[in-house]
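Asks: Okay, predicted coordinates and the sequence, questions at the end:
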Amino acid sequence: MSDTNTLFACKGISKEYGNTKALQDISFSVNKGEIVGLVGENGAGKSTLMKIMQGVETPTTGEMTMRGEAYYPKNPKDANRSGVGMVFQEQSLLTNLTVAQNMFFGEEDAFKKFGIVNWRKMNEVTRSILDALSLEDIDGNQKVSSIQFSRRQMVEIAKVLNRASQTDASGSLILLDEPTSVLSSEEIEILFGKVQKLKADGNGVVFISHRLDEIMEIADKVVVFKDGHCVAELVGDDINEEMIFQKMIGKGTSSEFYKVHKQTEPGDEILIDAQGLSMFGYFKDVDFTLRSGEVVGIYGVVGSGKENLCGVLSGDEKHTEGHLKVKGKTVQFSSPHKSLKAGISCVPTERRVEGQVGIASIRENISYSCMHALTKMGLLSSKKDKSLTDQWIKDLRIKCEGGEQAVENLSGGNAQKVVFARVLSSDSDVIILNHPTRGVDVGAKEEIYDIIRDATARGMGVILQGDTLDECIGLSNKILVMKDGFVTKIVEAAASAKPKQIDVMQHMM
Amino acid sequence: MSDANVGTIAHNDIIAEEFQTHIRNLDRRNRMMQVAPIIVLVVIFIIFAIGAPGFISVKNFFNLLNQMSIPLIVATGITFVVLIGSIDLSVDGVMGLSGAMAGLLVLNDKTPFNLGFFGVIIAVLIAGLCGFVTGLISVKGKIPSFMVSFAMSSITYGFAMLSYGALPPIINDTSVRAIALTKIGNLPIFFYIAVVLFVVALIVQDKTATGKHIYAIGENESLAKISGVNVDKVKIAVFALAGLFVGVGGICGAAQLGRGDVSVGTGMVFPALAAVVVGGTSLAGGKGGVQRTLIGVLIITILNNGLVLIGANAYFKDGIVGIILIIAVVTTISRNSKMVAK
């Protein structure tokens, strides 16, 4: 790797958010005419690194160079000027403007005369940019909202290419963050054709995808991320599934940590029965049952449909096809209130935002879901309320100054326990746990696992979106593995025969 | 693994296809919503043409143009505020203040000032300043605009009342009165002012970069920000611009009334906002425009005019406008996105 051939390099990049280390000591480089695939589980730090390279975030420590010069972009515009452009995971086109207006958004000065923009000239320039990518069917004067969703992705790529290559000559760096997730196979082929052309023209490309087959097809080098670390750089024959999986999978934690000895066998009662459950455009034909005392894990990459499936079960979203039975009764939830009534309560992902009222006290937070049990002739009984709170504080070992302390002053683990207390006191038969241990320290994690085991011992059913694959395997009786909106495999995970991580991962990527 | 891959590619296609259909349906619904106001306009026009005596007449035609002029000026200004996803409830007070200031600064029976058109310009600038302050406080203080502008309405109303004491000044400046009284081709001068301002607004909206930045802010503020747009500046400017338009509306009202009376603005915020929303500009921001507001103003004006012609009770009339507004809001908001006025 000669220096003159290096397009971009970073050394010792770290990024911390408060106490959380999102990235630690990342070093890697991209050569001219090289496609680098970036793989890792959600939360491994891939997107954070992209944002740093694009100037959306600044690194806590570390240095970067672009085209041999020190590179510290303050914002995306700055990054563009240095020849770095990024296609974001979510489309970042303004759908209420035209293609040309998006292409030159924030850079209209070149087309201005006395404050009036010459749209015709802008459309003409846009025409030539689109033609260069053989996007003849798209017109600069067209509103983005009138273009097919997948074609918008190509427009976005055209925009990024144009911006990053304006300063050109020595090659640009294009960052693609999961550009294929909404594209059909045919469109992906077209996109790959363009990416190969970029490569042939001497540009560098960083490509993030959750689809290993895509990575293997297109990348010259694969960089594997895990928990904020860069754990491997694979080239040539090393780029194969076994090797990548092996690097991505961390060491499994002992079964003791997940209290596997307390794992209960599924009971006879079927709490949830889903048949052909679908949500148009998000997931399709999901069949599964949840029995009393059972933990069903749902695992897949972000966007695989798992979030929407949990959303349907908790009443946040509506299914469009199929049958959902809760304790034998067919249901169609229209709000979380309805699912709570049917006996399902939910620990949401964003605890601070969705799960609790920060400025309210522990007592108030716990009683939100079981007001009816605490009322006496329509009025709240403060005595019942208080004794219930004290009981939960004791049972769940919530470290606090008492029931009146505001929840926002508790540590992550203790705040999460308050959410659990609320959910458990609501008399539900089913609890849906979305990342129940996110942002919780190790000690509190174990206590939460205990709480989950106790709940199943009492006959409750649990739907779990684990924070890590390891956790999902450790806690679940069986795991629904999701990919592209379908359940690709149901992996059994009985206490005596826990599957390996690779058994799950090979079905989700 | 190879078998599984064949399966997953098919899965990927199915869900990608479904998702794209889903987006297409949303887009189609949006496009239908754009046509809806025009249909409403045509329908009420036909209903009154058949049912209201004298609705189709040369006299009533000029009447309609006359009646819609001041609401059009005000609603056009407010449109930009709604486009950025904010709301301006300060119309009543700011319009009244501008009318009162004009009354006091031109030849009148209360003060010795006789600044003529210079006084009119000062009054409009004061209204623009009010809009600027509303924007500044709302944007920099991160306070919802409905709250700041609502307070601004009260402040300006009170200030206008204080400025002239018990009785509003009577405007004796004939050149100012001429805005309403002199007619060219059967229409008062303020009709032509409305047309000019509308065209100016259309140019700002469609021909300048700022116009597109306004749309961008309404659609996705953070995206506009990282693309290098000075979002705060644009937003504050939009509030100031709305203030200027409302100020001109106040002058026209005062010229018509012959007094610098704060009441020229009273009750104006509701029909103005109703016209913007009924025309199809989304309260969530980013969608719509002044050309749609023109349709909205036509709908509201024709409704008022037609209901008077068939002899409907005035309160009944207000109720009808309210119901139409609610229908417009219910059918145009997208329920997935947050609908809080920023």
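Replies: Yep, that arrived. Residues are numbered from 1 along each chain as shown, chains lettered A, B, ... in the order given.

Asks: Within its local environment, how many residues does B:F62 see?
Replies: By other C-beta atoms under 10 Å in any protein chain shown, the residues close to B:F62 number 16. The C-beta positions use only the backbone N, C-alpha and C, and glycine is treated the same way.

Asks: Tell me, how many residues neighbour the closest residue to it other than its chain neighbours?
Replies: Leaving aside its sequence neighbours, B:F62 sits nearest to B:N186 (C-beta to C-beta, 6 or more residues apart in numbering or on different chains; 4.9 Å). Applying other C-beta under 10 Å, we find 13 residues neighbouring B:N186.

Asks: Distance-wise, check B:N186 relative to B:L298.
Replies: B:N186 sits 19 Å away from B:L298, taking C-beta to C-beta, to the nearest Å as the criterion.

Asks: any weak-confidence spans in the chain?
Replies: No chain was given, so I picked chain A. Confidence mapping of chain A against pLDDT under 70 gives the ranges A:1-3, A:89-90, A:166-169, A:182, A:250-252, A:351-359, A:369-378, A:380.

Asks: not what I meant, chain B
Replies: For chain B (pLDDT under 70), the answer is B:1-10, B:332-342.

Asks: What are the boundaries of the strands in it?
Replies: B:183-184, B:187-188 (DSSP state E).

Asks: Tell me which residue is most central in chain A.
Replies: A:V302 (3.9 Å; C-alpha atoms, centre = their mean).

Asks: And what about the residue lying closest to it once chain neighbours are set aside, helix, strand or coil?
Replies: Excluding its sequence neighbours, the residue lying closest to A:V302 (C-beta to C-beta, 6+ apart) is A:N42, at 4.8 Å. On the three-state scheme (DSSP: H, G, I helix; E, B strand; the rest coil), A:N42 is labelled coil.

Asks: Look up how far chain B lies from A:N42.
Replies: 18 Å (C-beta to the nearest C-beta, to the nearest Å).

Asks: Check A:A421 too.
Replies: Going from A:A421 to chain B by C-beta to the nearest C-beta gives 29 Å.

Asks: Helix or strand: which one has that residue?
Replies: helix A:412-424 (DSSP states H and E).

Asks: Test my guess that the residue nearest to the centre of chain A contacts A:A44.
Replies: No: between A:V302 and A:A44 there is no contact under C-beta atoms under 8 Å: 11.5 Å.

Asks: mind listing what's buried in stretch A:384-392?
Replies: Using 16 or more other C-beta atoms under 10 Å in any protein chain shown as the test for burial, stretch A:384-392 gives A:385-386, A:388-389, A:392.

Asks: ok, so of those, who is nearest A:G228?
Replies: A:W392 (34.5 Å; C-beta to C-beta).

Asks: re the thing from before, let's see which of the buried residues of stretch A:384-392 end up in helices.
Replies: A:385-386, A:388-389, A:392 (DSSP state H).

Asks: Pick the one among these closest to A:I244.
Replies: Nearest member of those to A:I244, counting by C-beta to C-beta, is A:W392, at 44.6 Å.

Asks: Up against chain A, what does the stretch 201-342 of chain B have?
Replies: Residues of the stretch 201-342 of chain B found near chain A (C-beta under 8 Å from any C-beta of the partner chain) are B:203, B:207-209, B:212-213, B:215-216, B:218-220, B:223-224, B:226-229, B:286-287.

Asks: Filter the residues you listed down to the buried ones.
Replies: By 16+ other C-beta under 10 Å, those give B:208-209, B:212-213, B:215-216, B:218-220, B:223-224, B:226-227, B:229, B:286-287 as buried.

Asks: quick revisit: surely the residue nearest to the centre of chain A forms part of a strand?
Replies: No: using three-state DSSP, the assignment for A:V302 is coil, not a strand.

Asks: and it, backbone torsions?
Replies: A:V302 adopts backbone torsions of phi -60, psi 130, taken as degrees, to the nearest 10.
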